[in-house]
Every structure is written in C-alpha cells, then in structure tokens.
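Q: 3D model of this:
(2 chains)
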Amino acid sequence: MPRDASDLLHGTLDVLILKTLSWGAMHGYAIAEWIEHRGGGELVIVDAALYKALHRLEEGGAITAEWGLSDNNRRAKYYSLTSRGRARLRTESETWKRYALAVGRIIEST
Amino acid sequence: MRVPSGVRRAFHLPVSKGQIARDLEEEVDFHVAMRAQALGRGGLTEEEAVAEARRRFGDVQDLRDYCVSLEVPHMQRAQFRERMYSVVQDLRFALRQFRRSPGFAIIAGVTLALGVGATTAIFSVVNDVVLKPLPFSRPGQLVQLWGIDANGKHLHFADPTFDHLAAENHTLSALAEYNSNDLSMSTGGTVMRVTASAVSKQFFQVLDVRPEIGRLFAPEDQQKGAPMVAVISHGLWMRLFGGSPSVIGTIVKSGPTSVTIIGVIPAGTEYPAANDAWYPREPLGENTSYTAHNWNVIGRVKDGLTPDAAARDVSMVLRRLHAAVGENTWTFDGTAIPLRDQIVGKVKVLLLLILGASGVLLLIACANVANLLIARMAVRESEIAVRVAIGAGRGRLAQQLLIETSLLAAVGCLGGVLIAAAGTRALLVLRPALIPRVGELSLDWRVLAFAIVTSAAMAVALGLFAAWRGTRGDLRAALSQSQRTQGGGGASYRVRGSLVVLQLAMTVVLLVGAGLLARSFVRLTTIDPGFRTHDMVVAATAYDDARGADYLTRRTLYYEQLAERARAIPGVTSVGISDAPPFSNGSSNGTFLVLDNASVNIVQSDLEALFKDKSRTGWATYRTASSGYFKAMGIPVIAGRVFDDNDRAGGPQAAVINAALAHKQWPNENAIGKVIEFGNIDGDLTPMTVVGVVGDTREEDLAADPQPAIYVDFDQRTGNSHDMYVIMAAAQETSAIAAARRSFTQVRSDIPMRFLTVEDIIGRSVESQRFVLLLVGVFGTVALLLATLGVYSVISYLVAQRGREISIRVALGASASEIVGLVLKQGIVLSLVGAVIGGVAALAATRLLKQLLYQVSTTDPVSFASVLVVLCGVALLASYVPARRAAAFEPMDVLRGG
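A: Have a look, this model is predicted:
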C-alpha cells in the first residue's frame, strides 16, 4: 500500500498507539508514558496530538473506549484494541518495518 | 479486555455535542492531573506542576474542535441507527401486545376503521364532485351566463339579448346558447326517447370538445333552413348503434324530421350532463322577442381574464342594453358564474355538511379508542413501571405507545379504505343525481392521501394521549398496588368520564341534526300536495308530429285513443292528459293579459304595449290539461266547471285557474267569466274565458307554496311542448303499467314511452333531503352505539375500581337496589353533563342545517328533547348492566381477595 510521507508520519503515532494497546486497555496518560518509557525517552509525543490520534482511531473502529476507574480512583477513559485494530496493527507494523529498513539502507549507504 | 459493541452502545453513546466536549474535558483533566502528579514527584510545586503539564499537553481548543468535528456525524449516524433499531423493537413489542389481547386490538381497529371509512367515503364524493376539475380543457375559463331581472333573480336569455351580448362583450372568447328537451329518435325499428340540446354556433368551441369520430357542426349546418344534422354522445352511439363507425351519415327520424348523424363526442364530455344528442339551433330561426327567455348560455373567458372580469363585463353590457331597449326587456343586469360553481354549488354545501358530520363521527371513534387506551394503560401500569424502573425514559415510553397507536391507526386506515370502497358504491346506488358525474367515483390518490393523513393525525393524537396517561404514573405506587384494583385511581376515572361526556355531547349534535332532518322530511312528505299521490301512473310520451293545420285534431285523436285503451285496463278509474306531470320542471310560466271581453282581437305586435299596463297583467304557470285531467289527478273543483266535450278546437276557448290565482288576481270578484290571453307562452293569441277554479297544487317543489296557475284546454291549444303525459288513476300500478305498455304501442309504435308512478316522482323530488337524512342518521346511530360502549366501559371500570367500597356497603346491609342506584347515579351524571354540553353545541351547529329544513326550526324543541331522552335512556341502560353486576357482588369474595 503506497503512502505519502506525511501520511506515514501520522501512521507512526497510530501504529505506536496500536502497539501499546496490544498489551491491554489503557487510558491516554498511560499510553503516553508507555511510549515514552519504551522509546527510551527518545520519543516525546505532544499530548494533544496523542488524543487526536486516539479519537481518530476510535472513530475508525480500530480501538474502542469506555469510562472506568483509574488506580487512584478517578474516572478515566480506557482505550482498548478491537479486532479491526489488531489486524491494522499487523499490516502497519509490516509496512513500518519495511519503511524503516529502506530508510536505514539509504542512510547507511553513504 | 474486549467490550462488546452492544454494551458500548448501551452505556457509552455520546448524545450531544456538549456531551462530547465535556467527556473530552474530563479526559484531558485526568491526563493533566496525572502528569502534574508525576512532575510533582520530580520536585515542582503543585501550581508549577499543573502549569507545566498544561503547557506540555498543547492546544486543548484545537483538540476539542477536532474531536467534535470527528464525532458529531458519527454520533448522529449512531443515534439514527439506534432510533430505527428501537422502532423495530417497539413494533415487535406492539405486535406481541396485540396478539396477547386481540380483543382490544380488534375493537380499537374496527372503531377507527368505522370513523376513517365514513369520512373517507364522504370525502371521495367531495373529491369527485367538488375538487376534481371539469372534464374540459382549461375548465377554469368556463362560465354560465345569466341575465338578472328587476328583483335580482336569474333569467335565461332571449335571442336578441344573447345576440347583443355576443356582439358587445370584450371578455369572452366564445359563448353559446343551448336548450335541452326530450325528443324521440327512431332508427331501424328502434324508437327511443333521448335528451337533446339545440345549440348555437360556438357551443363546442366554448367547451373545446373534439369529435371522437365524424365531425362537429360546420357553418353550412348552421343556417336557417339547413337540413338537420346531429352530434351524439358516446353513450348513445353505444346504446343505439352498438359503437359501429357506420353511424356517421346515418339518417334517423325524430318525429317527422330526418336528422343526419355527423359525429360522436367522447364519453365524459357531455354537456349538459347526460345529454344524448346536439343539433344546431340556427335552422329553426330566431325569436325576436326580448322576453322569450328560452336559452341557457355558457361562455369561455379569454386567456388571462378571470370569470369575475367576465361577470363585470356581462353586467355592463346588459345594463347598457336595458338602458337602450327600456321596458321591452326584463333583463336589467347580468352576471357570469364559474361553470363548476354552477354545477356543484348547491351540492357542495350539502356534501361539506355531510363531511362535517362524518368528521364528528371520527372524533367520537377517537374518543372511544382513547378510552380503551386508558383502560389498557391501567392494566399495563405495572409493566410500564417496570420498564421505567429498568431505565426506559419518558421519550422511549412515548415512542413505544406512539408505535402502538400508529399500528392501530394503520389497521384503521386499511379497514377504513375498504369500508370507504364499499361505502362509495352504496352512495352511488343511493343518489346518483346528487353526484353530477356518475360512475367516476373512485378511490384515487387524493382519497387515499386523505385516509392516510387522517389516520396519521389520529395515530399522533392518540399516541400523545396514551403517552401522557402512561408516563405520568408514580413508580412506587404502581409497583406496590395490587393488580385487582387496577390502579390509576380517581384521576383516571375523571379523564375517562370526560372522554365519555365528550362522546355523548358529539353524539347529541349528530342526533339532533338527524332528528331535525327527519322531522323536516316527515313534514315534507306528509304535506298534502293538492293531488293524489298514490295509485297513480304516468306515461311520458312525445307527440312530435309536424305542426300543421290539423295538428290539434290528430293529436286529440291519438290521445283519445290512448285514453280509451287506458280506461279498458282493469283498475284504471280515470285518465287525463297534461303537458307537465308533477315535479317535471317542465311547466312554463309567464305574464298573461286580462281583457275586457272575448271578442277582442290581439296581434303579436300589440303585446309589448299591453304588457306595460300592470293593472291588466298577471303572472301564472301555464299548463295544458284535458277534460279528464282534474279527476285523474284528484284535484278538486272549487267553483264553476272544468273542460268538457263542448270545448272544441276552433270554438270559444276555456281556461281553468287555480285558487291561488283567483285569490291573487281577483281577490274580491268572481274569477269565473273573466277573459284572459296567454299567448306569450304558446303563441296562440286567442282569448280564453275562465270557466272554473280548482284546488291549488304543489307541483314544482313540495316545500314551496302553490303558485298561481292557468290550465288551458288540451283539445283547444297546442301548448309549447311536444311532451305529453297520460295520467292514470290506477289501483294496481304495476299491472296497469304492464297493460298500458302493451296496448299503447298498438296505437302507434313509433312514439316511445316511459312509465312512472307519481310516488316515484315525488320520492325523487325529495331525494337529496332523504340522502342527507340517511347519512346523518347512520352517522348518528353509529355515534350512539360508540357512546353507549363508552358509557358501559367507563361505568364497568368504576364498578371494578370501587369494588371494595361497594362490598363494604353490601356487608353493612345496603340492598341491591341501593347499590344499583349508586352506580346508576354515575351514569346519569355523565349523560346529563354530556347532554347539556351537546345540546349547547347542537344549538350552534344546527344553524348550518337551516337551508335544508322545511317548517322545522333549527331549535325545534321536539327534536332536542327527544334526542336528550333517547341519549339519557341509552346511557342509563349502558350503566344498568355494570350496576347489576355490582349489586351481585359477593362481599366476602371481594373483601377477602382485597
């Protein structure tokens, strides 16, 4: 599936969210923490952009959301993957890996 | 963790834009709080941490806009799906409900069907008669033209008046005279009476009718002395010629005249309605008198002009004519009336009245169903309470109830259309003459739309009503209340009682209307018309032989032969001949002259001058009568004598007048011996001497007072019509008709005849009164039935509700009659309140009937009183049944059970 560059950048955040949620339902803050943590602090996400992505994914049916209680007993919105989201994660991961490989090869070749 | 989508829909469905924004805000707040907490652990003060967290979050406003734009359409789609899903669910539920209590569904459905059916049937007539355009092109341009006399009454046109109007008007693209009468038409051994119209040049041009086959009139047909040609209707073509194209060029005989058929016009374009043939009037020549008002006139208004403009133009032209011609014309003014109004004007008022009555019936049906719904609501109160308890909102409940009533209304609509289909057929049988375009009556899209809109309005009204009643309940009370007491309590009884009162009141309106019409009808039909109405047979004939020197002699001979044969028929006691039987609308009327003596010789040119002397003129109906006529009709001789064998053609002429004329013209003198001249009607200027005075008769309209009349001798004067009627007083009408049909044709087979009884003729003259009475009566009866049902059900409900109280009374020693009295009192209160409200409403409503009533006031106490008595009686009867049930209560059963 060919894509233009900007779409791919959007897709980067999407695929990160999907990957994160594959570990289980989380609220937005947890997702942000998780990505930052797993990214070794290299990936800092603007929170507003994260929520845009979350709502977009929810709208697209890749994830669903429901209100629940957080560890500190506050109402929080928990996101989880749907089967459609899982499928999307699989294809997007593949695309991403190939893309990263291609970019890497170009950079290495000099 | 996976959440099934159904759960999400049930518990998390954004319901509004505000909700979306609030949800997002909470999500963001949570995020910021968590971040601030983390930052706080890093050493920042709480304020600093929150500020930093907010900064790192980014543009919240932008995020909110983004999310709203993303989720609102989604929300709307979801809500729509949700709504449709719930509608389907509710439909299924409603169907289950109806299957569980089919009695309620059937009664409610049938009641609504009755209401919708009655209203739709009447509407289909209104649609056909009043709403559908006339079957001509640009029908809005067609007008009927009238002259207006000094008293403001409509006048037909005289030839010179018409010619003047045709030449001087500026608003009509075409106008034409026409005049219809019955003629005989014979071809190949078949003789028929047909209705034919003499029409002037532009007649078909006015109507814009094209021939189906053949041609219409050409200028050479429309000249004085031209050979007679005729155009016939599609119907006559089928009846007389079997639809064969060879009809064109066929020569038929009408009396002595040979007529060539030149064309056929398509079905549905006949004007006047039910006309069979048209022939040019020009070959017969014109009558130059300004007062020979022989012609109807229709016209077509020029493109872009209105009938109103034509009316003003016609008025101006005719007023100018009167100014120029002076007293020679009686036409002072004129007007133009849209042809549609002319045709349906009177009928329209009648039909709208009946439509109103059917609408009242529909309301009563709705009230009945509303009453049933309350009863159902009471039974279902706990079900509804449970639904509310598990989270059904008012809106959702209302939807459920609306769907139930819509389902009922749909059944009512379907049933109503079926009833209407049958009803319209019955209406056609009842009164074809009221419906000018017979046979067209159909359930077209407009009628169906009417039924559907009516039913939809009912569904909404009943649904809202049920929702109001159903969702108002107190949950805890309903759940804790036992089933037996049925819940609802006094408020429910009050609402149900009010509905019944409303029903009773509307029933009173219908019944009072029916009562007034019935009393008026009885008055009208029991009135003494001045002649015998039973055991009377009329043979309608047309003697259209050429008028020559011996016309009178030949005619007298022919009818004397008929009379002779009639007298030979067993049961026939007397026979008379006349040119106008009762209610034929065939009599002419006009001005006659009073002369000094019988030897005065008058010529036509003197007439105009003599008419100016008002002291020597009078006005009367003109009738031709044979010597046996008065005896056959049973008209009494008051003074002098009637015609006898000595009054011969060519001899001194005799006239008989009625009492009304004697009284009006010669109030203080003996009318016998007076000499009069009535040539204005039949062209015979010979003076006549009054030889007798006979009783008055009502022959035009039962409701109208007898008009002054002059009878001229059938043997002495030709009259002005071919139509002659043999009137027989006959004991056995049916066998007399059969015998006369056989023996009359033996005299001459080329004169077609139609046989009627006077009873039929009179029946037909009051047809429209009978039609309205019948319909309003039927509606009133159905209304009474429904109201009775209403009273019965509400009193039964009361008895059930007060079961405990009644049982206690019985236990305390109340007698059965006391209990019956207690319950009956409720029924009496309901019916009295209903009767009073209905009586007041009826006082207002019956004013609409004024035009239809004969010698009955719209506030006729007898009608009002008898309706109130009937209503209260029926209401009592309806409450008596549940009252008996209450009296039969076994107190211990009820008390132990309670």
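Q: what's the residue of chain A found nearest chain B in contact with, if anything?
A: Nearest residue of chain A to chain B: residue A:48, at 3.3 Å (CB to the nearest CB). Where you see a C-beta, it was placed from the backbone N, CA and C, and this is true even at glycine. Residues near residue A:48 by CB atoms under 8 Å, 6 or more residues apart in numbering or on different chains: B:57, B:58, B:59, B:60, B:62, B:63.
Q: State whether the last one is indeed within a helix.
A: Just to be clear, that refers to residue B:63. Yes. Counting by DSSP: H, G, I helix; E, B strand; the rest coil, residue B:63 is located in a helix.
Q: that older thread, is the residue of chain A closest to chain B part of a helix or strand, or is it coil?
A: Residue A:48 ends up helix, using three-state DSSP.
Q: Can you tell me the closest non-neighbouring residue to it?
A: The spatial neighbour of residue A:48 that comes closest, neighbours along the chain excluded (CB to CB, 6 or more residues apart in numbering or on different chains), is residue B:58 at 3.3 Å.
Q: Residue A:52 versus that neighbour, what's the distance?
A: Applying CB to CB, to the nearest Å, the value for residue B:58 to residue A:52 is 9 Å.
Q: before we move on, what about residue B:512?
A: Taking CB to CB, one finds residue B:512 at 74 Å from residue A:52.
Q: same check, this time on residue B:292
A: 96 Å.
Q: With residue B:333 instead?
A: Residue B:333 is 84 Å from residue A:52, by CB to CB.
Q: What's the local residue count around the residue nearest to residue A:48?
A: The number of residues packed near residue B:58 is 17, by other CB atoms under 10 Å in any protein chain shown.
Q: list the contacts for it?
A: A:46, A:47, A:48, A:49.
Q: surely residue B:207 meets residue B:142?
A: Yes. Applying CB atoms under 8 Å, one finds residue B:207 in contact with residue B:142, separated by 7.3 Å.
Q: Need the overlap of contacts for the two.
A: B:136, B:298, B:300.
Q: okay, those in CSV with secondary structure and distance to chain A next?
A: CSV is the format used below for these (DSSP: H, G, I helix; E, B strand; the rest coil; distance: CB to the nearest CB, whole Å):
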residue, secondary structure, distance to chain A
B:136, coil, 63
B:298, strand, 71
B:300, strand, 67
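Q: got the contacts of residue A:48 as a markdown table, with distance to residue B:614 and pLDDT columns?
A: Listed next are those as a markdown table, based on distance: CB to CB, whole Å; pLDDT from 0 to 100:
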| residue | distance to residue B:614 | pLDDT |
| --- | --- | --- |
| B:57 | 109 | 88 |
| B:58 | 108 | 86 |
| B:59 | 104 | 87 |
| B:60 | 103 | 88 |
| B:62 | 101 | 89 |
| B:63 | 102 | 89 |
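Q: what about the residue positioned nearest the centre of chain A, distance to residue B:71?
A: Centroid check for chain A by CA atoms, centre = their mean gives residue A:17 as the closest residue, at 1.8 Å. Residue A:17 sits 17 Å away from residue B:71, taking CB to CB as the criterion.
Q: swap in residue B:33?
A: As defined by CB to CB, residue B:33 lies at a distance of 23 Å from residue B:71.
Q: try residue B:594
A: Distance, residue B:594 to residue B:71, using CB to CB: 100 Å.
Q: Compare the two and say which one has the larger neighbour count.
A: residue B:71 (21 against 18).
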